Structures are given as C-alpha cells and as structure tokens.
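Participant: okay, predicted coordinates and the sequence, questions at the end:
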Amino acid sequence: MTTDEASTSRMSESTTHTQELADFDRLTERYQRELLAHCYRMSGSVHEAEDLVQETFLRAWKASADFQGRSSVRTWLYKIATNVCLTNLEGRPRRPLPAGLGTPDQLAGDALERDHEVAWLEPVPDAAVVVAERDSIRLAFVAALQHLPARQRAVLIMRDVLRWSAAEVAAALDTTTAAVNSALQRAHAQLKQRGLTEDSVEPALTSAQEQLLERYVEAFWRKDIATIVQLLTAEAVWEMPPFTSWYVGATNIGDLIDTQCPGGTHDMPMLKTSANGQPAFGLYMRAQDGSGFVPFHLQVLELDGDRVKHVGAFFGLDFTRFGLPAHLPPGYAP
C-alpha cells in the first residue's frame with residue numbers, strides 16, 4: 001500500500017467512526033447489551049451494570065467531539081466502560097455467593113439466616129446481554145472474578161474475554177504492558193486455585209440433559225424428594241442468597257427442600273428461562289389466599305453430565321426481567 005493509499009484508508013476509517021458517533025441512538029442500541037455483559041462481569045450486579053452502562057454512554061457523548069479515531073468506536077467505549085467500573089468499585093466489597101463467604105457448609109436442620117446487608121452476586125438474564133461465549137458470564141466464573149482485585153479483574157476480562165493485546169489493555173488502563181502481564185499472571189493463579197477458567201466452553205444441552213431438566217421440574221411439582229436427590233450429583237452444592245447458609249450433598253439438599261421449603265405437592269410449578277448462559281427456572285409458590293402462584297425464587301443450574309451439579313436459588317428477584325410472568329393463575333398446572 002502506498003503512502004497516499006494508507007492515508008486515504010485512515011481518512012475513510014475516521015469518517016466511518018464519525019458517522020457512527022453522529023447517530024448516538026443507534027450507537028447505544030448497537031453496544032448496549034455487550035457493554036452490559038462487560039459491566040456485569042466487573043460488578044457482579046445487573047442493576048449496577050445498567051447504571052454503569054448509562055454512565056459510559058453519557059461520558060462517551062460528552063467526549064464524542066474529541067474522539068480522533070485512533071481506535072474503533074467499540075474499543076473506545078470499552079475503555080470508557082472499564083474505567084467507569086473501576087471508579088465505581090473503589091472501596092466497595094466484592095459480591096459473593098454464600099459459599100464464598102468463607103463459612104463452612106451447613107446441615108439441612110441448621111437454622112436459616114438471612115443477611116440483607118451483604119451485596120450478593122446477582123444472576124443476569126441471557127436476553128439482556130450479548131456474549132461471544134456463554135462461559136464468560138456463567139455464574140461460577142463471575143463469582144470467581146469477584147475474588148480478584150478490581151484492576152486484576154479488568155485485565156483478565158480484557159485479555160481473556162475480549163481478547164485484547166497486552167498493549168491495548170495497557171493503553172486503556174494507562175499502565176505498562178509489563179504491569180498488565182503481571183496482573184494477568186496473578187489473576188490466572190487465583191482462578192487456578194479455585195479450579196475455574198473462562199475457556200472451558202460447555203456445549204449446548206443434550207437431549208438427555210433436556211429430559212433431566214423435565215424430570216427435575218416435575219419432581220418439584222410433585223415435591224418428590226427421592227427423585228430430586230437422584231437427579232443431583234453426590235456432591236452437589238445448593239446456595240440461596242440472601243440466606244448465608246450453603247449446602248453440600250444430594251441427600252442433605254433433599255432434606256433441606258423437604259423440611260425448609262414451605263410448598264407441598266402441586267404447590268411449586270417451575271417455568272423455564274435462562275441466566276448466565278445456563279438453564280434456569282422460576283419457581284412459583286401457591287399463595288395462601290388461593291389467588292394463584294407467586295414468585296418464590298429463581299434457580300440457576302449447572303449440570304455435570306446427566307445430573308445437576310450446582311443450584312443457585314436467588315430470592316427477591318423480579319421474574320419479569322427473565323421473561324417470566326409475575327403471577328400464575330390458581331388453576332395453573334405444568
């Protein structure tokens with residue numbers, strides 16, 4: 001390519017970027033969902049991520065006149081979003097799941113304790129985000145990210161999820177490539193200690209797993225504890241924020257559901273959705289006044305072959321955000 005051709009190419013790219021910034025409504029629509037996924041990985045909260053994305057677009061709009069086209073608009077937006085997230089995370093505690101609090105697992109008969117003071121990790125509806133790989137928002141991975149210091153978290157996401165070069169990350173974070181490589185090495189070491197990586201992408205559900213989930217839903221509708229236990233792995237884990245306790249073992253979890261879950265036979269219908277790139281179900285509970293069924297908790301499941309390995313049962317969520325109805329009629333049956 002000649003010098004004139006290179007110059008013409010750069011001018012063409014700059015014009016394209018300028019045109020993209022000129023239609024800011026379209027720009028927002030184009031990048032909203034992928035930036036939400038990015039801010040969610042950083043913050044562990046859907047609600048915070050939504051605010052952070054809005055702040056990102058506000059800063060981008062104010063700075064659009066100064067954009068010189070040295071990178072793509074997408075890269076520029078991610079740089080702004082990352083720094084918005086880092087500012088937001090200063091002085092804030094990480095968002096855990098109960099197993100990440102450092103307390104031992106509990107027996108089903110132990111007293112249940114809620115803690116609304118903890119800023120818990122939240123699930124994200126799949127429909128709200130755009131991701132290249134489902135595993136980059138899976139619950140276990142996002143929970144593991146919360147154990148990293150904020151800048152290490154940012155480096156790992158930008159290098160391993162966004163696939164940026166060390167030089168690009170260094171420019172975005174105003175640091176050196178050596179510092180980026182060091183932070184990435186430390187982040188990988190921490191995730192390795194927890195047995196978690198981002199690059200073990202799980203395949204789509206098999207027909208056997210689809211049948212497993214159908215049996216799981218039916219077992220809750222019948223409150224068939226024996227079948228629920230059978231569908232869990234022997235060392236399955238059950239967590240249910242804002243309750244601080246967490247439970248290990250199929251039999252222990254079965255006892256928990258049997259003794260602590262208020263519903264009986266035909267009291268707990270479940271509707272399918274998806275969250276964090278994983279199968280999820282909204283569990284409803286029959287209302288005591290006979291008016292129908294109301295949201296109880298949202299279960300996000302991790303499978304291991306033909307069994308359920310982990311259940312995150314999240315209380316207090318708005319089911320409509322996951323495409324689920326806010327109420328089911330009295331005569332509803334699966």
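Facilitator: Thanks, I have it. In this text, all values refer to a predicted model and were calculated from it rather than measured experimentally.

Participant: only C-alpha atoms from now on, for both contacts and neighbour counts.
Facilitator: Will do.

Participant: buried sites along the helix or strand hosting residue 252?
Facilitator: In this assignment (DSSP states H and E), residue 252 forms part of helix 250-260. Going by neighbour count (16 or more other C-alpha atoms under 10 Å), the buried part of helix 250-260 is 250, 251, 252, 253, 254, 255, 256, 257, 258.

Participant: go on, stretch 321-334?
Facilitator: Using 16+ other C-alpha under 10 Å, the residues of stretch 321-334 that count as buried are 322, 323, 324, 327, 328.

Participant: do me a favour and get the end-to-end distance for that stretch?
Facilitator: The first residue of stretch 321-334 is 21 Å away from its last residue (C-alpha to C-alpha, to the nearest Å).

Participant: before we move on, what about stretch 148-165?
Facilitator: Using C-alpha to C-alpha, the end-to-end distance of stretch 148-165 comes to 20 Å.

Participant: pLDDT of that stretch, averaged?
Facilitator: In this model, stretch 148-165 carries a mean pLDDT of 96.

Participant: what about it, distance to the chain center?
Facilitator: Using C-alpha atoms, centre = their mean, to the nearest Å, we find the averaged C-alpha position of stretch 148-165 to lie 16 Å away from the chain's own average C-alpha position.

Participant: the helix or strand that contains residue 60 - what's its average pLDDT?
Facilitator: Element membership of residue 60, judged by DSSP H and E, is helix 46-63. Across helix 46-63, pLDDT averages out at 96.

Participant: mind giving me the packing neighbours of it?
Facilitator: Helices and strands touching helix 46-63, by 3 or more C-alpha pairs under 8 Å, 6 or more residues apart in numbering; DSSP states H and E, are helix 24-43, helix 73-89.

Participant: okay, these in CSV with distance to residue 227 and mean pLDDT next?
Facilitator: Rendered in CSV, the data for these read as follows (distance: least, C-alpha to C-alpha, whole Å; pLDDT from 0 to 100):
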stretch, distance to residue 227, mean pLDDT
helix 24-43, 35, 94
helix 73-89, 43, 96
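
Participant: quick check: which of the ones you listed is buried the most?
Facilitator: helix 24-43 (a mean of 20; mean count of other C-alpha atoms under 10 Å).

Participant: that helix versus helix 73-89: what angle between them?
Facilitator: Between helix 24-43 and helix 73-89, the angle comes out at 50 degrees (axes from the mean of the first three to the mean of the last three C-alpha atoms, to 10 degrees).

Participant: so what does the helix holding residue 252 touch, helix or strand wise?
Facilitator: Helix 250-260 packs on helix 225-231, strand 232-239, going by 3+ C-alpha pairs under 8 Å, 6+ apart.

Participant: one more time with 10 Å, if that's ok
Facilitator: When contacts are defined as 3 or more C-alpha pairs under 10 Å, 6 or more residues apart in numbering; DSSP states H and E, helix 250-260 packs onto helix 225-231, strand 232-239, strand 246-248.

Participant: just so I know, which of the ones you listed lies nearest residue 310?
Facilitator: Distance to residue 310, taken as C-alpha to C-alpha, is lowest for strand 232-239 among the helices and strands packed on helix 250-260, at 4.8 Å.

Participant: what pairs with the closest one, parallel or antiparallel?
Facilitator: Taking DSSP bridges as the criterion, strand 232-239 sits next to strand 246-248 (antiparallel), strand 307-315 (parallel) in its sheet.

Participant: nearest to residue 77 among these would be which one?
Facilitator: The minimum distance between residue 77 and the strands paired with strand 232-239 falls on strand 307-315, with 31.5 Å, by C-alpha to C-alpha.

Participant: including mean neighbour count, mean pLDDT and distance to residue 170, could the strands paired with strand 232-239 go into a markdown table?
Facilitator: Formatted as a markdown table, these follow (neighbours: other C-alpha atoms under 10 Å; pLDDT from 0 to 100; distance: least, C-alpha to C-alpha, whole Å):
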| stretch | mean neighbour count | mean pLDDT | distance to residue 170 |
| --- | --- | --- | --- |
| strand 246-248 | 23 | 98 | 39 |
| strand 307-315 | 21 | 98 | 36 |
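
Participant: let's have those in TSV, adding distance to residue 77.
Facilitator: Supplementary listing: the strands paired with strand 232-239 in TSV, determined by distance: least, C-alpha to C-alpha, whole Å:
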stretch	distance to residue 77
strand 246-248	38
strand 307-315	31
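
Participant: buried set for the top strand by length along the chain?
Facilitator: The residue-count maximum for a strand in the chain (DSSP state E) belongs to strand 293-304. Of the residues in strand 293-304, those scored as buried under the neighbour-count criterion (16+ other C-alpha under 10 Å) are 293, 294, 295, 296, 297, 298, 299, 300, 301, 302, 303.
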